[in-house]
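Student: what would the 3D arrangement of this be:
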Amino acid sequence: MSVFFRNITESVLSQRKLEAANARLREQSELLDKAQDAIFLQDMDSKVLYWNMGAERLFGWTSAEVVGRYVGDIFFQSRAEVKRAFSAVVQDGECAIELPKRHKNGRALVVESRCTLLRHDNGNPRSILAINTDITDRKAADARIQNLAFYDVLTGLPNRVFLQERLESALEADPHQESSGAILLIDLDDFKTLNDTSGHHIGDLLLQEVAERLTSSVRKSDCVARFGGDEFVVILNGLSADADKAAGDAKMVGEGILHACRQPYLLENYEYEGTTSIGVTLFKVRQDSADDLLKRADLAMYRAKAQGRDELCFFDPAMEISVASRAALLADLKRALQNREFELHYQPQVDSSGRVMGAEALLRWRDARRGMVPPDEFIPLAESAGLIVDLGSWVLETACSQLAAWARQPEFEDQCLSVNVSMRQFLDSHFVQLVEKVLRESGVNPHRLKLEITESFMMERANETIAKMTALKAYGLGFSMDDFGTGFSSLSQLKRLPLDELKIDKSFIHDVLNGAKDASIVGTIITLGQSLNLTVIAEGVETEEQRQFLETHGCYAYQGFLFSPALSVSRYEAFVEENRWLKQQGVA
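Tutor: All right, here's what the predicted structure looks like:
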């Protein structure tokens, strides 16, 4: 019997080491599978060696499907893209980059990829460990935030912030470049009227349509932005260094925009025709600030509005002087309102016998430095600056106080007074309460007070206007429609208003003897007033021939320089007393 012995100690130890190593690998693999991130290992030929459960969850591929495959095929990446990432890891030993990848089903993903180069004991590259974190939702959220920060939600155009950055970038370009640029500030005419009459959703549709028309009217290299509200801005880059040529090109683009925006809009089932007003200013690199340029374009746009709208106007330095003068006048006007530095003058209104029936109260401002400021300078300014409500309240209070004072004097107790009311003042939510308070506190006879409104009242919130007029009529006040014939009244609207008087505008009276059209208009207004049982008074009567024409056609009340200009209260009282004395003496 032979016995053989073989030493297997080393073999057993090796087996035990292998089993221990495999156990460690299994343990490591289990730990890696519990990780939320996608972790995989690729060899130096970019083929997958290891693929954890996180990678399966993120990319949709199982380990069995990808091990041994080229990573670019798995992620739908180009070989050039894979090669760039691979080279970066090999060169630096590690890298962290954001990469676009694809799910197994083709869905786009964005991952943050952190890669580490693993080496053999001899230092040669062995494999690359990649840890991928899904940042698709975060990137989408960042994109949404970016979009909200720099783009207008309604139109999809760049917003004011983006525009400012784009303009500043254009101004900071290479100062040696020979080109110039232009800014076009575009404002929609009468947009508020559309919003108020048809609803904001129709206004939004118009803004979207205008945005499309503007975009199609310029080059792709130009910038179209929504500046805010109904204002848009176009930045034209790369115009000629020659100012005349650049202005010509900017004008051509602007006129194209005017034409495009004149075309009818179909907004749901509503057809709308609108226009725009455009202000233009040219610029060169590093010469002006973005804010200054936008202000200049804004000034030019308002000049286009003043010229009748549907116009294009270039900035002129004289506009800035005008704005500075306006700002100084506004500051003085605010001070005058605070200190009550105004006066009321009274222009007599007489009947066909020459008797003074009453007067129209006219606001005057006598400034210590400027002297007498013309009403057509400061009243529109008060309107635009939002001061007209307070100013109108002062006029109403002062007029009623004067009317009450006359009522206490037998020689003036029969006087009536007309007071102009602006649309903004009349539509103020507290106007009816204000009038009631002034009537109560002054103790004036409401039947001696007449409020003058214009035809434009019928264009703005007609139902509210009629309701307020009716409420005020209940107190005994009268209403006169001022400047009649210059607006766009319709007979159907006119007959709804609780009026007492029509006032023929002085522009018709001026040429009533020389112009057949004006004579016809005046005759028609008189006939209309008679048919509606309204008193008709003509303003701006300057000659006896004009008065006789009016009387012949049935108008028996007048106001104008033929009788008297507007007078201070003391001179008006003297005028009334003189008129009464002359009547008594049979001279007048």
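Student: center of the protein - which residue?
Tutor: Gly229 (2.7 Å; Cα atoms, centre = their mean).
Student: show the pLDDT at it.
Tutor: The per-residue pLDDT reported for Gly229 equals 89.
Student: which residue is the nearest non-sequential neighbour of it?
Tutor: Phe191 (7.8 Å; Cβ to Cβ, 6 or more residues apart in numbering). (Glycine included, C-beta is placed from N, CA and C.)
Student: can you get me a residue count around that neighbour?
Tutor: 18 (other Cβ atoms under 10 Å).
Student: do Ile135 as well
Tutor: The number of residues packed near Ile135 is 16, by other Cβ under 10 Å.
Student: would you agree it is in contact with Ile97?
Tutor: No - contact criterion Cβ atoms under 8 Å: Ile135 and Ile97 do not qualify, at 11.5 Å.
Student: what touches both of these two?
Tutor: Glu112 (Cβ atoms under 8 Å, 6 or more residues apart in numbering).
Student: tell me the secondary structure of Ala328, please.
Tutor: Secondary structure for Ala328, judged by DSSP: H, G, I helix; E, B strand; the rest coil, is helix.
Student: gap between it and Arg335?
Tutor: 11 Å (Cβ to Cβ, to the nearest Å).
Student: remind me which helix or strand Phe86 belongs to.
Tutor: Following DSSP states H and E, one finds Phe86 within helix 79-92.
Student: may I have the strands that pair with whichever helix or strand comes after that helix, each with its orientation?
Tutor: Later in the chain than helix 79-92, the nearest helix or strand by DSSP H and E is strand 94-102. In the sheet, strand 94-102 lines up against strand 108-119 (antiparallel) (DSSP bridges).
Student: so which bits of the strand it pairs with are buried?
Tutor: 109-115, 117 (16 or more other Cβ atoms under 10 Å).
Student: now do the strands in the stretch 351-500 of the chain.
Tutor: For the stretch 351-500 of the chain, applying DSSP state E, counting those that start in this stretch gives strands covering 356-367, 371-373, 416-420, 449-454, 478-484.
Student: number of residues surrounding Asp376?
Tutor: Asp376 has 8 nearby residues by other Cβ under 10 Å.
Student: and it, what does it touch?
Tutor: Counting by Cβ under 8 Å, 6+ apart, there are no residues that Asp376 touches.
Student: only the buried residues of stretch 134-148, if you could.
Tutor: 134-136, 139.
Student: Gly472 against Val435, yeah?
Tutor: Gly isn't right for residue 472; it's Leu. Yes - between Leu472 and Val435 there is a contact at 5.9 Å, judged by Cβ under 8 Å.
Student: so for the residue nearest to Gly229, what's the pLDDT?
Tutor: 90.
Student: Leu293 now?
Tutor: pLDDT, Leu293: 89.
Student: and Glu212, by the same measure?
Tutor: Looking at Glu212, its pLDDT is 95.
Student: now for the helix or strand containing it, which elements pack on it?
Tutor: Element membership of Glu212 [criterion: DSSP H and E] is helix 200-216. Contacts defined by 3 or more Cβ pairs under 8 Å, 6 or more residues apart in numbering; DSSP states H and E place helix 200-216 against strand 180-188, helix 191-198, strand 223-228, strand 231-239, helix 243-262, strand 265-267, strand 270-272.
Student: out of these, which comes closest to Asp43?
Tutor: strand 223-228 (49.5 Å; Cβ to Cβ).
Student: mind listing what's buried along that closest one?
Tutor: 223-227.
Student: returning to that earlier point: quickly, which of the helices and strands packed on helix 200-216 bottoms out on average pLDDT?
Tutor: helix 191-198 (a mean of 83).
Student: distance from the chain centre to that helix, please.
Tutor: Centroid separation between helix 191-198 and its chain, computed with Cα atoms, centre = their mean, to the nearest Å, is 13 Å.
Student: now do the buried residues in it.
Tutor: 191, 194-195, 198.
Student: do stretch 513-530 as well
Tutor: 518-519, 521-523, 525-526, 528-529.
Student: go through these and name the one nearest Ala130.
Tutor: Closest approach between the buried residues of stretch 513-530 and Ala130, by Cβ to Cβ: Ile521, at 87.0 Å.
Student: quick one, grab the pLDDT at the closest one.
Tutor: Predicted confidence (pLDDT) for Ile521: 89.
Student: nearest residue to it other than its sequence neighbours?
Tutor: Computed as Cβ to Cβ, 6+ apart, the closest residue to Ile521 that is not its neighbour in sequence is Phe508, at 5.3 Å.
Student: which elements pack onto the one helix or strand the one you found maps to?
Tutor: Element membership for Phe508 (DSSP H and E) is helix 506-510. Applying 3+ Cβ pairs under 8 Å, 6+ apart, we find helix 506-510 packed against helix 516-531, strand 535-539.
Student: if we go to 6 Å?
Tutor: helix 516-531 (3 or more Cβ pairs under 6 Å, 6 or more residues apart in numbering; DSSP states H and E).
Student: okay, the angle between the helix it packs on and strand 478-484?
Tutor: Relative orientation of helix 516-531 versus strand 478-484 (axes from the mean of the first three to the mean of the last three Cα atoms, to 10 degrees): 170 degrees.
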